[in-house]
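S.K.: curious how this folds, go ahead:
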Amino acid sequence: MATDRKIALAVGLFYIIGTVAGVLSVVVSSPLLDASDYLAEISAHEPQMITAALCVLIMGLSLAMVPIVAFPVLKRQNEALALGYIVFRGALEAGTYIIVVISWLLLVPISQEYVQASDVSSFEMLGTALVETGDNAGTIVSLIFPLGALMFYYLLYRSKLIPRWLSAWGIIAVFFYVAAALLDLFDVVEADSTTYILLNMPMALQEMVMAVWLIVKGFNAAVSGPAPATARDGVLDV
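M.R.: Numbers count the residues shown, from 1 in each chain. Below is the predicted model:
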């Protein structure tokens with residue numbers, strides 16, 4: 001179906017846009033937020049902080065569009081899981097990204113006041129609170145995302161909308177992602193450590209491979225279309 005082909009193309013593109021924006025947000029924000037005097041750094045590089053926040057917004061909105069755009073195809077296979085995927089990735093996860101964006105944008109005016117104030121203690125407290133708010137929102141994402149991802153990949157695996165090896169890869173990668181999130185949550189590893197990055201790598205690679213597959217191949221046409229009519233109690237259901 002031509003419509004399903006367009007949906008697959010859009011889903012693949014949203015995955016790539018979201019991933020690229022997410023990587024850029026880390027690259028742009030890390031030199032500022034990791035600085036010993038981060039408020040002074042943000043004040044000196046305001047456009048950089050604003051750019052990082054906009055990258056997070058683009059990432060959150062792009063990834064939130066995935067379950068919404070894919071819903072017409074996914075609901076034919078399992079409407080409950082398709083709706084659950086929208087709730088977790090389209091609403092809850094996107095909401096936490098917006099919290100990060102607001103927190104980072106608020107750091108800009110606070111940093112301006114910080115560099116001009118004679119007593120900086122109150123601004124340091126506000127800055128710390130905002131940074132921790134953004135970090136906590138990121139932790140929430142790491143707990144919400146696996147639930148939505150499991151719904152998505154289980155649905156794909158059962159329906160064979162994409163090759164089963166690709167959806168199985170996604171299911172396995174979710175558990176590595178959860179392991180990384182838990183290790184970070186309990187301060188066993190740092191978010192920028194090699195262990196953390198390696199545990200997240202299977203998911204990152206799977207999403208990009210799946211995105212390219214959807215762009216090039218689309219959904220399996222044999223199962224993405226409407227369910228065939230079935231006879232029940234002498235009545236034809238469609």
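S.K.: C-alpha coordinates for the helix or strand containing Ala222, CSV please?
M.R.: Using DSSP states H and E, Ala222 sits within helix 221-224. C-alpha atoms of helix 221-224 as CSV (Å, rounded to 0.1, in the frame of the first residue of the first chain):
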residue,chain,number,x,y,z
ALA,A,221,3.5,-5.5,2.6
ALA,A,222,2.2,-9.0,3.2
VAL,A,223,1.1,-8.1,6.8
SER,A,224,0.9,-4.3,6.9
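S.K.: and it, what does it pack onto?
M.R.: Of the remaining helices and strands, none touches helix 221-224 by 3 or more CB pairs under 8 Å, 6 or more residues apart in numbering; DSSP states H and E. Any C-beta I mention is one placed from the backbone N, CA and C, and that applies to glycine too.
S.K.: ok, residues contacting that helix?
M.R.: The set of residues external to helix 221-224 that reach it, using CB atoms under 8 Å, 6 or more residues apart in numbering, is 1, 4, 73, 76-77, 159-161, 218.
S.K.: buried residues, whichever helix or strand Phe152 is part of. List them.
M.R.: According to DSSP H and E, Phe152 maps onto helix 121-159. By neighbour count on 16 or more other CB atoms under 10 Å, the buried set for helix 121-159 is 123-124, 126-127, 130-131, 133-134, 137-138, 140-142, 144-157, 159.
S.K.: quick check: closest non-adjacent residue to Leu126.
M.R.: Leaving aside its chain neighbours, Leu126 sits nearest to Ile110 (5.3 Å; criterion: CB to CB, 6 or more residues apart in numbering).
S.K.: contacting residues for the one you found?
M.R.: Ile110 neighbours (CB under 8 Å, 6+ apart): 39, 123, 126-127, 130.
S.K.: let's see it at 7 Å
M.R.: Shown in contact with Ile110 (CB atoms under 7 Å, 6 or more residues apart in numbering): 39, 123, 126-127.
S.K.: same thing with Ile17?
M.R.: Ile17 makes contact with 58, 62 under the criterion CB under 7 Å, 6+ apart.
S.K.: just the element for it, please.
M.R.: With DSSP H and E as criterion, Ile17 is part of helix 2-33.
S.K.: next secondary structure after that helix?
M.R.: Assigned by DSSP H and E, the successor of helix 2-33 is helix 38-44.
S.K.: now the end-to-end length of stretch 179-191.
M.R.: Stretch 179-191 has an end-to-end distance of 12 Å (CA to CA, to the nearest Å).
S.K.: and the contacts of that stretch?
M.R.: Stretch 179-191 has contacts (CB under 7 Å, 6+ apart) with 139, 142-143, 195-196, 199-200.
S.K.: stretch 191-207: which residues count as buried?
M.R.: Neighbour count says stretch 191-207 has 191, 196, 199-200, 202-203, 206-207 buried, by 16+ other CB under 10 Å.
S.K.: in the protein, which residue is closest to the centre?
M.R.: Nearest to the centroid of the C-alpha atoms of the chain, with distances taken as CA atoms, centre = their mean, sits Leu63, at 5.4 Å.
S.K.: how far off centre is the helix or strand containing that one?
M.R.: Per DSSP H and E: Leu63 is located in helix 46-74. Computed by CA atoms, centre = their mean, to the nearest Å, the chain-centroid distance of helix 46-74 equals 8 Å.
S.K.: check which element follows it along the chain.
M.R.: Following helix 46-74 in sequence, per DSSP H and E, is helix 79-85.
S.K.: between all of the contacts of stretch 179-191, which two are separated the most?
M.R.: Leu143 and Thr195 (19.0 Å; CB to CB).
S.K.: by contact count, what packs against the one helix or strand Leu214 maps to?
M.R.: According to DSSP H and E, Leu214 maps onto helix 194-216. Applying 3 or more CB pairs under 7 Å, 6 or more residues apart in numbering; DSSP states H and E, one finds that helix 194-216 makes contact with helix 2-33, helix 164-185.
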